[in-house]
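Novice: Have a look; sequence and predicted model below, questions after that.
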Amino acid sequence: MQSPDPPKRVIRLLQSPTRHRFGIFSISVGPETAYYVFREIPCFIGGRGYIVYRLGRRRSYHVRVGRREDCSCECLGYLYHRRCRHISGLLTLIRRARL
């Protein structure tokens, strides 16, 4: 018996960040959608740094993206599995020249 395909993940940039306001993106996995506000912050150890807040939660994450060895996040997904939607979402937006 074949296992079902994982739900499709979609990221959308809803508002580009500027010097004076946060950006907004959403990540949809199947029927679930989460909204995030974010801003780029200085990163002195390689890659690009972001602070990401999930709307409706009281938690923020510091996310670092760049080369594979430059990626990290404070979320539990990254801490347990060494990958997360915050990193993959930001990398996708950067590759598409949206950030």
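Specialist: Arrived safely, thanks for sending.

Novice: Could you pull up phi and psi at the spatially most central residue of the chain?
Specialist: With distances taken as C-alpha atoms, centre = their mean, the residue of the chain nearest its centroid is residue 86 (2.3 Å). The phi/psi pair for residue 86 (degrees, to the nearest 10) reads phi -70, psi -50.

Novice: Can you tell me how far it is from residue 37?
Specialist: In this view, residue 86 and residue 37 are 12 Å apart by C-beta to C-beta, to the nearest Å. The C-beta positions use only the backbone N, C-alpha and C, and glycine is treated the same way.

Novice: that older thread, tell me how far the residue nearest to the centre of the chain lies from residue 40.
Specialist: Distance of residue 86 to residue 40, given as C-beta to C-beta: 13 Å.

Novice: sorry, back to before: now the common contact residues for residue 86 and residue 37.
Specialist: residue 52 (C-beta atoms under 8 Å, 6 or more residues apart in numbering).

Novice: Am I right that residue 61 is in contact with residue 85?
Specialist: No: assessed by C-beta atoms under 8 Å, residue 61 is found out of contact with residue 85, at 10.5 Å.
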